[in-house]
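**Student:** pasting the structure only:
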Ligand code: ATR
């Protein structure tokens, strides 16, 4: 790999969040930039919520080429931009800002990332008609949007610890209540999961430092005809994925979604499709390093 050469022409990319020290985005993006020999550098900016407006004004003044946006700014940043993509508008959150001809355009690449991961990592060219989606936070919202864009998805069971949040999300994205049925995480009775061809965990359950936790009270509902995707990638094999593998299901870890949402942002900024495997490997290596 070429050594990083920063000159007066090098364009700057980055991620804003708070806290941001543990992000794997700089590792992923710089690995892809170096692999392609593109004259950009990607860094991380810790931005407290009370100075978000100043940070975005700084992006304009310093002519940063693009930013990723992470917790807690994905919603708050929307009002500070000049334009939103249809996805960002519908999802109600921005994770990528494209600085183009003096205008800041907000995108959301999370739905694309998960759909690409299901297609390429999970082998699902078309999605199964019945899907179970666990969670009702920001990640679940982007994933639900992606699922509802696909006409072959007939029914989504949207299950969350706090059922009111699942109901609010279902109403927001499926106002006629035709395809999304909200419920609680304990609603495993009946054939709900038995019928689902795809199960996605979009909760934080099972994430370090609680790797012994699973969102499923009873793994017996996992079956061979199912693809199981866990957006948690630390640990890479969560308890849910281990149970799913043991039940004969096809498993997809969360690193694919992470790399593919990043790859989409990279392509928006540079106009070049990055090597996703390089990004995935860089994120994996970053995960292996002890946090400081
Ligand atoms: P993100 O942007 O990653 O989706 P979030 O918006 O904070 O983060 O959402 C976190 C999700 O994980 C929510 O669905 C949350 O459930 P609640 O809506 O009931 O809070 C879920 N979650 C987090 N920790 C959980 C736990 N220990 N048990 C059950 N659900 C949990």
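**Tutor:** On my side now, so go ahead. What you see is a predicted model; the values in this text were computed from it and never measured. Numbers count the residues shown, from 1 in each chain.

**Student:** only C-alpha atoms from now on, for both contacts and neighbour counts.
**Tutor:** OK.

**Student:** buried ones in the helix or strand encompassing residue 106, by neighbour count?
**Tutor:** For residue 106, the enclosing helix or strand under DSSP states H and E is strand 103-107. Neighbour-count burial for strand 103-107 flags 104, 105, 106, 107 (criterion: 16 or more other Cα atoms under 10 Å).

**Student:** show me which of those is closest to residue 25.
**Tutor:** residue 107 (16.4 Å; Cα to Cα).

**Student:** right, and that closest one touches residue 91 too?
**Tutor:** No: the criterion here is Cα atoms under 8 Å, and residue 107 misses it with residue 91 at 9.8 Å.

**Student:** show me where the stretch 1-150 of the chain has its helices.
**Tutor:** Applying DSSP state H, counting those that start in this stretch to the stretch 1-150 of the chain gives helices spanning 25-36, 52-61, 86-91, 110-120, 138-148.

**Student:** for the ligand, which of these is the nearest?
**Tutor:** helix 138-148 (3.7 Å; Cα to the nearest ligand atom).

**Student:** can you give the strand pairings for the strand holding residue 106, parallel or anti for each?
**Tutor:** strand 83-84 (parallel), strand 96-100 (antiparallel) (DSSP bridges).

**Student:** out of those, which one sits most buried?
**Tutor:** Across the strands paired with strand 103-107, averaging neighbours per residue (mean count of other Cα atoms under 10 Å) puts strand 96-100 on top, at a mean of 24.

**Student:** low-confidence ranges in the stretch 51-200 of the chain?
**Tutor:** The stretch 51-200 of the chain contains residues with pLDDT under 70 at 188-191.

**Student:** residue numbers of it in contact with the ligand?
**Tutor:** Within reach of the ligand by Cα under 6 Å from any ligand atom, the stretch 51-200 of the chain has these residues: 135, 136, 137, 138, 139, 140, 160, 161, 162, 165.

**Student:** could you verify that residue 193 is part of a strand?
**Tutor:** No: counting by DSSP: H, G, I helix; E, B strand; the rest coil, residue 193 is not part of a strand but helix.

**Student:** what's the burial count for it?
**Tutor:** 21 (other Cα atoms under 10 Å).

**Student:** quick one: it and residue 221 touch, right?
**Tutor:** Yes: at 5.9 Å, residue 193 and residue 221 qualify as touching, with contact defined as Cα under 8 Å.

**Student:** ok so, going back, going by distance to residue 8, which of the buried residues of strand 103-107 wins?
**Tutor:** residue 104 (22.7 Å).

**Student:** how about the contacts made by residue 76?
**Tutor:** Contact criterion Cα atoms under 8 Å, 6 or more residues apart in numbering gives no residues in contact with residue 76.

**Student:** give me the contacts around stretch 14-29.
**Tutor:** With Cα under 8 Å, 6+ apart as the criterion, stretch 14-29 contacts 41-49, 66-73, 259, 262, 266, 278-283, 286-287, 291.

**Student:** figure out how far that stretch is from the centre of its chain.
**Tutor:** Here the centre of stretch 14-29 is set off from its chain's centre by 14 Å, with Cα atoms, centre = their mean, to the nearest Å.

**Student:** straight-line length of that stretch, end to end?
**Tutor:** Chord length of stretch 14-29, first to last residue, is 9 Å (Cα to Cα, to the nearest Å).

**Student:** pLDDT at residue 32, what is it?
**Tutor:** Reported pLDDT at residue 32 in the predicted model: 98.

**Student:** state the distance from it to residue 216.
**Tutor:** From residue 32 to residue 216 the distance is 36 Å (Cα to Cα).

**Student:** what of residue 12?
**Tutor:** 43 Å.

**Student:** just residue 102 next, same as before
**Tutor:** 48 Å.

**Student:** more crowded one of the two?
**Tutor:** residue 216 (19 against 12).
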